[in-house]
Structures are given as C-alpha cells and as structure tokens.
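J.: Show me the folded form of this:
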Amino acid sequence: MNTKTKEIDNTATRLEFRGGASLSLDFPLLMGVINITPDSFYDGGKYLSQQAAIARSEQLISEGADIIDLGPASTRPGAEYVSPEEELQRLLPVLEHLVKNHPHTPVSIDTFHSSVAKETIEKGASMINDISGGTMDAEMYKTVGKLKVPYVLMHIQGTPKTMQLEPHYTDVVEEIYEYFLQQIEKLKLAGVEQIIIDPGFGFGKTVEHNFTLLRHLGRFKSLELPIMAGLSRKSMINKVLKTKPENALTGTIALNTLALIQGAAILRVHDVKEANQVIRMVKQYLSPNTTQE
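T.: Now for the predicted structure:
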C-alpha cells in the first residue's frame with residue numbers, strides 16, 4: 001500500500017455546511033438527482049422547466065432526500081459542452097426556491113465550472129459535485145477552498161464527450177486510488193477541508209471496469225473520506241440486463257445494496273423512496289441486533 005495513505009487523516013463523521021447546518025455520516029445519506037437538462041441519459045427534458053424541477057425537488061425531499069443535487073448540464077457519454085452562463089440560467093431559479101422554502105435541505109451543484117460554483121454557493125447552495133475532479137477548470141480547487149464547502153471529488157477518464165470511446169486501465173482500482181491520493185493533496189493545499197470521493201461509475205469505464213470498482217469499493221475506505229456511489233440506472237446495469245434506463249430500477253437497487261455493504265456513505269440516486277428502503281434494509285443486515293419498532 002502506498003505510504004501516503006498514512007499521512008491522510010480525514011475521518012469524517014459529519015458534513016458541515018455554511019450557515020451552521022450539518023448532516024451526520026453515521027447513517028448513509030441520500031443525494032437526490034434533479035437534472036435541469038434537455039439531454040440527460042435517463043430523465044433529460046423532464047425537469048428542464050423551473051416548475052417541473054421544483055416539483056420534483058419537493059417530491060424527493062418528501063421521500064427522504066438528505067441532499068438535492070442540481071445538474072444543469074448533461075454528463076452522459078457524448079454530451080456537448082454547456083457554458084457557465086447557460087448553467088446559471090437553468091440553476092438559479094430552482095436554487096432560489098429551495099434555499100427559501102427548504103433551508104434545512106442542503107443543495108449540491110453538479111458543475112465543473114468554478115464560476116458557477118462561486119455564484120451558486122454565494123446564493124445559498126451548500127456543496128459542489130464536480131465530475132471532473134478539478135481537471136476541467138484550474139480555478140475550481142482554489143474557489144472551493146475559499147468558499148469552505150464540501151466538495152465531491154470524482155474520477156473521470158477524458159471528458160463526457162470522449163470518455164466512453166476507448167477507456168483503458170492497467171489496474172482500474174489502483175490507478176483511481178493513486179488519482180485520489182494526488183488530488184486530495186492538491187485540495188488540501190488549496191484549503192478544501194471536506195472532501196467526498198466518488199470513483200465515477202460510468203465515467204470513462206467499461207462494464208468490467210465498473211464492476212471491478214464496485215467489487216473493490218472498500219479499497220478506498222483507507223483514504224478515510226466519505227465515499228459516494230452514483231450507480232442509478234447507469235449503462236453498467238442496462239448492458240448486463242439488456243434493458244433501458246427507465247427499466248433499470250431493480251438493477252439499481254441491487255447495485256446500491258452492494259455499494260452500501262462495501263462502505264458507501266452517500267448514494268446519488270434518481271429514486272429516493274426506493275433507495276431509502278435499501279439503506280434501511282442494509283442497516284438491519286449489518287446490525288442484526290437492532291430492534292425495529
């Protein structure tokens with residue numbers, strides 16, 4: 001094992017947000033996805049309007065979402081670039097509603113633009129979920145360090161437009177582990193204090209790569225950072241089951257269960273009600289002496 005691991009002491013029991021709100025990591029958290037896009041792989045176009053996105057957010061909160069993740073740009077394979085200005089146009093009306101009406105539900109912003117991160121956090125968002133891990137905007141780490149908010153460090157090989165053309169690794173688990181070591185060090189130097197790691201299922205990985213990562217997700221626990229798993233309705237399910245994203249809920253439940261058993265602290269999902277039930281069942285499985293009322 002790389003000796004650098006011993007230098008990292010980032011054991012987290014809570015996520016702390018600006019304004020004093022916090023969430024315990026003693027029990028897995030649910031991040032509910034709202035894609036404010038015309039072209040996301042599963043629900044593109046369904047929540048593009050302000051009214052639809054707000055209604056969906058309200059539904060996910062009522063079903064038990066701990067965090068709402070607003071995505072203003074599709075990151076599906078082959079997705080086209082969306083400018084910071086367009087992202088903000090899609091985000092701000094929905095963010096304003098959530099901050100005003102659900103002040104105790106943290107809002108995550110799914111963006112790799114540092115300017116979008118800065119403006120949305122200043123308008124009340126709580127954390128940044130960066131699919132690029134800071135590789136697509138050199139100012140991201142410095143920006144998040146100044147904002148003092150939790151940051152999701154995800155791994156991607158390539159960009160959304162190119163990532164699934166020819167993904168290749170010699171050892172997918174160890175290469176991503178080393179990537180995390182390097183990026184965590186950079187984040188700490190930039191003043192980022194709360195880091196969540198996400199191996200990036202489906203982001204520049206084959207089906208085999210994805211299942212190898214899931215099988216060895218526990219490897220990343222030695223980094224002593226919360227692990228987020230985003231498996232919901234992805235192609236690693238559809239290719240195995242020969243189905244489409246709209247019919248992939250059962251496969252999603254299966255993979256979320258495995259991720260939790262492997263140590264995931266946060267599930268990023270489209271289906272909050274079902275994921276909430278998965279968490280409760282896995283909790284019971286792992287703690288058989290727990291009495292259910």
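
J.: how about the strands in the stretch 151-293 of the chain?
T.: Ranges of strands within the stretch 151-293 of the chain are 151-154, 195-198, 228-229, 266-269, based on DSSP state E, counting those that start in this stretch.

J.: Including distance to His168 and mean pLDDT, could the ones you listed go into JSON lines?
T.: (C-beta placed from N, C-alpha, C; glycine too.) Compiled in JSON lines, those are given as follows (distance: least, CB to CB, whole Å; pLDDT from 0 to 100):
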{"stretch": "strand 151-154", "distance to His168": "19", "mean pLDDT": "98"}
{"stretch": "strand 195-198", "distance to His168": "20", "mean pLDDT": "98"}
{"stretch": "strand 228-229", "distance to His168": "23", "mean pLDDT": "98"}
{"stretch": "strand 266-269", "distance to His168": "25", "mean pLDDT": "98"}
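
J.: I'd like these laid out as TSV, including mean neighbour count and distance to Thr243.
T.: Converted to TSV, the strands of the stretch 151-293 of the chain look like this (neighbours: other CB atoms under 10 Å; distance: least, CB to CB, whole Å):
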stretch	mean neighbour count	distance to Thr243
strand 151-154	26	25
strand 195-198	24	24
strand 228-229	24	20
strand 266-269	26	17
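
J.: Quick one: the ones you listed as TSV, columns for distance to His97 too.
T.: Output for these, formatted as TSV (distance: least, CB to CB, whole Å):
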stretch	distance to His97
strand 151-154	23
strand 195-198	25
strand 228-229	25
strand 266-269	21
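
J.: quick one, helices of the stretch 151-293 of the chain?
T.: 172-189, 207-215, 235-241, 249-261, 272-286 (DSSP state H, counting those that start in this stretch).

J.: Give me the contacts around the fourth one.
T.: Identification of contacts with helix 249-261 by CB atoms under 8 Å, 6 or more residues apart in numbering yields 28, 214, 217, 229, 231-233, 236-238, 240-241, 243, 264, 267, 269-271, 274-275, 278-279, 281-282, 285-286.

J.: What subset of the residues you listed is buried?
T.: 28, 214, 217, 229, 231-233, 236-238, 264, 267, 269-271, 274-275, 278-279, 282 (16 or more other CB atoms under 10 Å).

J.: what mean pLDDT does stretch 36-49 have?
T.: In this model, stretch 36-49 carries a mean pLDDT of 72.

J.: quick one, what contacts Thr105?
T.: With the criterion set at CB under 8 Å, 6+ apart, Thr105 makes contact with 61, 65-68, 98.

J.: what's the neighbour count on Gly19?
T.: By other CB atoms under 10 Å, 12 other residues sit near Gly19.

J.: swap in Ile156?
T.: 23.

J.: same deal with the one 10 residues further on?
T.: The local packing of Glu166 (other CB under 10 Å) involves 10 other residues.

J.: Many thanks, I have nothing further to ask.
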